[in-house]
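Engineer: The following comprises the amino acid sequence and a computationally predicted model.
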Amino acid sequence: MFLDPQQEKTVMDSLSTLPNPVILTVHSEQWESAKTQATLDLVNYTVSLMPQKIMRQLATTDQAQVFDPTVTISNGLGRTFGIQFVGAPSGMEYAAFIESIAAFSRLSPPDHPSWERLLHEIQRPVMAKIFVSPT
């Protein structure tokens, strides 16, 4: 158990409102590594909270090891959102993870920010790191 009973109930209440199922896919080249095992534990725990709405799959990735492991969230429209989850599961990071799952559960696309047009002009792959911290 990652969360205390009250936190777990709060997360389950939030996940129970997911409008559509999502798939969490764990991508890794190093299945025995401590980071991958911790990620699998966290994903499996999250799936156990709402198995009727969240599923899990495993995939081998060809990405550089610095991004190993990565979790992607897929919805019914075939849209996929990739994240690398690092942090204490009862901290702010887990709340952001749950919010990401909820956002991708919606089949209709969210409101497009004004900078989305600029993203489509990018000609080569880029990586963004977003840190969530209570400090």
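Structural biologist: Received the coordinates, thanks.
Engineer: After the helix ranked longest in the chain, heading C-terminal, what element do we hit next?
Structural biologist: The longest helix of the chain (DSSP state H) is helix 34-49. Counting by DSSP states H and E, the next helix or strand C-terminal to helix 34-49 is strand 54-60.
Engineer: Sheet partners, orientation included, of that next one?
Structural biologist: strand 22-28 (parallel) (DSSP bridges).
Engineer: residues in contact with the partner strand?
Structural biologist: With contacts defined as CB atoms under 8 Å, 6 or more residues apart in numbering, strand 22-28 is touched by 36, 39-40, 43, 46-47, 53-61, 63, 68-75, 101, 104-105. Bear in mind the C-beta positions are built from the backbone N, C-alpha and C, glycine included.
Engineer: Touching, residue 50 and residue 18? I think so.
Structural biologist: Yes: here residue 50 reaches residue 18: they are 7.0 Å apart, a contact under CB atoms under 8 Å.
Engineer: Now the longest helix of the chain: buried residues?
Structural biologist: 36, 39, 40, 42, 43, 45, 46, 47, 49 (16 or more other CB atoms under 10 Å).
Engineer: which residues are contacting that helix?
Structural biologist: Residues contacting helix 34-49 (CB under 8 Å, 6+ apart): 1-2, 8, 11-12, 15, 24, 26, 28, 30, 54-56, 68-69, 71, 85-86, 89, 94, 97-98, 101.
Engineer: re the thing from before, ChimeraX command to pick out the buried ones of the contacts of strand 22-28?
Structural biologist: Command for ChimeraX, covering only those of these found buried under the criterion 16+ other CB under 10 Å:
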select :36,39,40,43,46,47,53,54,56,61,68,69,70,71,72,73,74,75,101,104,105
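Engineer: got the residue ranges for the strands in this protein?
Structural biologist: 22-28, 54-60, 70-74, 80-83 (DSSP state E).
Engineer: I'd like those strands as JSON lines, with distance to residue 122 and mean pLDDT appended.
Structural biologist: Listed next are those as JSON lines, based on distance: least, CB to CB, whole Å; pLDDT from 0 to 100:
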{"stretch": "strand 22-28", "distance to residue 122": "22", "mean pLDDT": "89"}
{"stretch": "strand 54-60", "distance to residue 122": "25", "mean pLDDT": "89"}
{"stretch": "strand 70-74", "distance to residue 122": "19", "mean pLDDT": "85"}
{"stretch": "strand 80-83", "distance to residue 122": "15", "mean pLDDT": "72"}
